[in-house]
Each structure stands twice: as structure tokens, then as C-alpha cells.
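Novice: Sharing a model that was predicted from the sequence below.
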Amino acid sequence: MSVKVKSVEEGSAAQALGITAGATICSADGHEINDMLDYQFYTSGSKFELTVLRDGKLDYLQVNKGDYEPLGCEFETYLIDQKHSCSNHCMFCFIDQLPPGLRETLYFKDDDERLSFLFGNYVTLTNLSDHELERIKQMHISPINISVHTTNPQLRVRMMANKNAGNVLRYLKEFADAGIQMNCQLVLCRGVNDGDELRRSLEDLTALYPAVQSIAAVPSGLTRYRKGLYKLTAYDEASSAETLDILEEWGDKCKQKFGSRVIYPGDEWYLCAKRPVPQGEFYEDYAQLENGVGMWRLFRDEFLRELAEGRRSPFAIRRMDIVTGTLAAPLIDEMARAFCKKHPWVHLKVHAIKNDFFGGNVSVAGLVTATDIAAQCKGKMESRVLGVPEVMLRSEKDLFLDDWSIQDLEKALGVKVKILPSGGGDLARLLLENKYKKHKEEE
């Protein structure tokens with residue numbers, strides 16, 4: 001396979017070589033270019049031969065550039081080819097629990113090892129070809145993030161409804177032998193892969209330390225749109241506490257044996273079990289932060305640190321309503337109270353938005369919709385400015401999950417929306433920032 005160039009960056013090595021839009025890159029030092037991983041890996045060096053097809057003629061170009069300096073070619077998609085879709089039908093899959101009528105892109109299930117390397121996505125390995133397996137080892141793509149869920153082959157087949165799901169568990173040992181580091185994820189379903197099955201998975205995965213450098217365990221998210229799907233029961237306080245006991249017990253063993261906890265329970269376990277969230281040192285380097293592991297603690301510590309160190313001059317902001325999910329609401333409310341205590345001329349009102357749109361046990365801020373915000377904040381606003389966490393919006397920061405725009409929400413509530421950063425320190429700095437423009441409505 002070869003790849004067609006869409007455009008070339010000004011001043012790049014590719015432009016200096018005369019490569020233009022429409023040219024086809026065939027190989028680099030004899031290595032075929034099939035996708036973005038091939039392109040980035042084989043063009044990262046300072047000197048290599050590039051085979052390019054242009055105007056019907058095959059040219060062999062000698063590249064001289066800085067080590068790891070981008071060659072400068074752009075392609076139709078960021079992967080060059082199409083994303084690999086998921087071939088599983090997991091009993092806990094959140095996408096299968098989405099209501100109809102959302103954006104088409106929300107229903108796409110990716111399971112692509114390239115996205116794991118490029119963006120930190122988790123992959124199940126079930127659709128990994130022999131070529132891709134060998135390429136990971138050859139290129140030493142590390143770390144790779146893997147959705148394991150269970151190390152029991154038969155149970156993994158049942159949980160993922162994929163006959164190949166058990167066989168590919170052998171890849172974990174192959175990666176470890178090749179020196180590939182792994183971050184593993186266990187999505188736990190009550191009565192299915194917890195209890196003794198969880199103990200088995202933790203024993204098998206920690207046996208691969210230090211190649212398995214971290215293991216996150218999170219509860220399955222269940223919406224009200226589960227008709228026709230495997231019957232699952234949400235975790236309650238008692239079952240969360242039981243699961244947390246196992247995870248902490250095994251984490252303590254790893255800490256004693258390896259000097260690292262390795263196993264990190266998701267924040268939801270502590271909040272659901274009504275136990276204190278551990279101190280920052282528990283999470284070490286926050287290896288599983290993107291999985292919601294340690295996010296509560298890091299946010300709180302960063303916010304309070306910035307608040308303590310921040311200046312005391314008057315702020316442009318005086319009043320603001322803030323929305324968040326029910327899971328994070330106690331934390332955000334605590335931080336708002338701390339801020340207002342130090343700066344009593346500021347008034348911050350936190351609204352815990354119950355997720356009626358998805359229902360079930362969905363409580364995280366990132367899945368709150370504008371529909372629920374509008375319905376639950378109407379008539380309860382204490383200012384004319386609404387702070388909305390950026391995690392509620394897609395990457396372009398313009399649309400909510402239910403396809404409402406920021407302008408739609410502003411119109412529905414008669415407010416001005418202010419997008420709030422997801423980091424605790426960043427949020428404190430925004431609230432302390434004089435450059436924040438005061439709206440007349442705040443007065």
C-alpha cells in the first residue's frame with residue numbers, strides 16, 4: 001500500500017524535496033508506508049531514502065533533516081487510512097446504551113492500536129492482525145493501553161461476545177517479553193468479573209510487572225437504554241466497598257513487593273462506598289488519570305494550592321453559577337465554598353445536575369447534557385453567568401452530547417456561558433484572573 005499526500009507544510013523537508021499535493025509516498029528505506037504509524041516511525045530519522053510516485057514517475061529522494069523533525073506531509077485523515085472499528089459486543093459497552101438521535105460519530109466504536117499509541121485510547125486486541133502485532137514489537141510502541149477486563153479466557157469471551165477474546169490474552173506475555181509497557185483497564189460488572197475473578201485477574205496481571213506498569217479498575221456505566229442487553233446491576237455502597245477492599249489489598253501487596261501500588265481504583269469506588277479519597281501520594285505519578293483514577297484528589301489539591309498562592313486583588317468576576325455532575329458536585333461545592341470564604345465578595349453557586357438524559361447510574365460531569373442543565377437550572381440561577389466544565393463539550397468546545405450548542409443553552413436560560421477548564425489549578429486561576437470580562441448581567 002502507498003499513501004497520497006494531501007498537502008505539504010511550508011518550509012518543511014518535504015517541500016524542499018519538491019513533494020507536492022497529489023504525490024504518493026511508497027516507502028522509506030524500503031519500508032512500505034501504510035498508515036500514520038509507518039509514516040511517523042520510518043520518517044523520524046535524519047537520513048533515509050524516500051520512494052515517491054509523482055507525475056507517473058517513481059523517484060528515489062535522499063532525505064536530510066533533523067532527527068525526529070517532521071517530514072512535513074499532510075494526509076486526508078490523521079491515521080492516513082480509516083480507524084479500525086471494534087468487533088466486540090461487550091455486555092457493558094456504553095455505546096450500545098446510547099439513545100437514538102445523537103450525532104453519528106458518537107455511535108462509532110473504535111478499537112485501534114494506533115489510537116492507543118497516538119492518543120492514549122484503550123484497545124481490546126481482539127482485531128489485531130499478526131502484522132500489527134509484530135509491528136508493535138518491532139517499533140517498540142510503548143506504552144500500549146489495553147482493556148483487559150478479565151484474564152479468564154472463557155469469561156472474557158462471554159463478556160465481550162467474541163470467540164477470539166480469550167486467545168489474544170497471550171499477547172500480554174508477548175508484549176512483556178518484547179519490553180512493551182502496558183497500562184491495563186478492568187471495567188467491572190457486578191457479579192461477573194469482580195470477587196474471585198477480580199483476584200485472579202490481578203494475580204495474572206501483576207505477575208507481568210514491570211511490563212504491566214499500572215492497572216485501573218472502574219465500575220461499568222449503566223444507562224436506562226439497556227433494552228435487549230445483558231442484565232447488569234449497578235454497584236451500591238456495600239458492593240463498592242467489597243470491591244474496593246480487594247483492590248486496596250492487592251495494591252498494598254504490590255507496594256510492599258515492587259515499591260509501587262500498580263493497582264489504582266477509580267474514584268467512583270470511594271465515592272460510592274462513602275470512603276475518603278486517598279491522599280496524592282497514593283496515586284504516585286497518576287498513571288491512570290485519564291481513566292478517572294485520582295482525578296478527584298488531583299483537582300482538589302491543585303485548586304487549593306493555587307487558591308492559597310493566588311493574589312488577593314479584586315476580581316472582575318463577582319457572581320457565577322456552576323454546573324457539574326452529581327459525582328463531582330460535593331468536590332466542586334467544597335472548592336467553591338473555600339474560594340468564597342477567602343474572597344467573600346465573590347458568590348459561586350454549584351448546581352449538581354442529575355443525568356436524566358442517560359439515566360441509570362451515570363453521574364460523571366462529562367456525560368451531562370445541555371437538556372438536563374436547562375431543565376434543572378431554570379428558575380434557580382443566582383447570576384447571569386453559567387460556568388460549564390469543558391468536559392461536557394466535544395473537543396471543538398461548541399456542542400454538548402445532545403447536540404445543543406452553547407448558544408442554545410444561553411438562550412434557554414438567558415445567561416452567558418463561560419467554559420471552565422478541567423484542571424483544579426486552571427479553574428482557580430480563571431476565578432482569580434482579572435482579565436475575565438465582567439458581564440453587565442453579573443451586577
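Specialist: Great, that's in hand. Numbers count the residues shown, from 1 in each chain.

Novice: For the closest residue to Ala28 other than its chain neighbours, give me the pLDDT.
Specialist: In space, and not counting its chain neighbours, Ala28 is closest to Tyr42: 3.9 Å by CB to CB, 6 or more residues apart in numbering. C-beta here means a position set from N, CA and C on the backbone, and glycine is covered the same way. As predicted, Tyr42 sits at a pLDDT of 90.

Novice: Return the residues in contact with Trp296.
Specialist: The contact partners of Trp296, taken as CB atoms under 8 Å, 6 or more residues apart in numbering, are Asp267, Tyr270, Leu271, Val277, Ala328, Leu331.

Novice: can you name the two of those residues that are farthest apart?
Specialist: Tyr270 and Ala328 (12.7 Å; CB to CB).

Novice: Which one's more surrounded, these two?
Specialist: Ala328 (24 against 18; other CB atoms under 10 Å).

Novice: Find me the pLDDT at that one, would you?
Specialist: In this model, Ala328 is scored at 93, pLDDT.

Novice: what do you get for Ala316?
Specialist: We have a pLDDT of 56 for Ala316.

Novice: Okay, the residue nearest to Ala28 and His31: tell me how far apart.
Specialist: 5 Å (CB to CB, to the nearest Å).

Novice: Arg384 too?
Specialist: For Arg384, the distance to His31 equals 59 Å [CB to CB].

Novice: the more surrounded of these two?
Specialist: Ranked by neighbour count (other CB under 10 Å), Arg384 and His31 place Arg384 first, with 17 against 14.

Novice: Assign Asp59 to helix, strand or coil.
Specialist: strand (DSSP: H, G, I helix; E, B strand; the rest coil).

Novice: Skipping adjacent residues, who's closest to it in space?
Specialist: Excluding its sequence neighbours, the residue lying closest to Asp59 (CB to CB, 6+ apart) is Val52, at 5.1 Å.

Novice: quick one: buried residues of the helix or strand where that neighbour lies?
Specialist: Assigning secondary structure by DSSP states H and E places Val52 in strand 47-54. Neighbour counts over strand 47-54 (16 or more other CB atoms under 10 Å) mark Phe48, Leu50, Thr51, Val52, Arg54 as buried.

Novice: Is it correct that the last one is in contact with Gly22?
Specialist: It refers to Arg54. Yes. If you go by CB atoms under 8 Å, Arg54 and Gly22 touch, sitting 7.4 Å apart.

Novice: Other residues contacting stretch 144-156?
Specialist: 90, 113, 116-117, 120-125, 136, 159-160, 165-167, 169, 172, 175, 180-187, 192-193, 197, 200-201, 204-205.

Novice: Give the buried subset of those residues as a ChimeraX selection command.
Specialist: In ChimeraX, this line selects whichever of the contacts of stretch 144-156 come out buried by 16+ other CB under 10 Å:
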select :90,113,116,117,121,122,123,124,125,136,159,160,165,166,169,172,175,180,181,182,183,184,185,186,187,192,193,197,201,204,205
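
Novice: burial count for Pro210?
Specialist: Neighbour count for Pro210, taken as other CB under 10 Å: 12.

Novice: hmm, I was thinking of Ser405
Specialist: Ser405 has 14 nearby residues by other CB under 10 Å.
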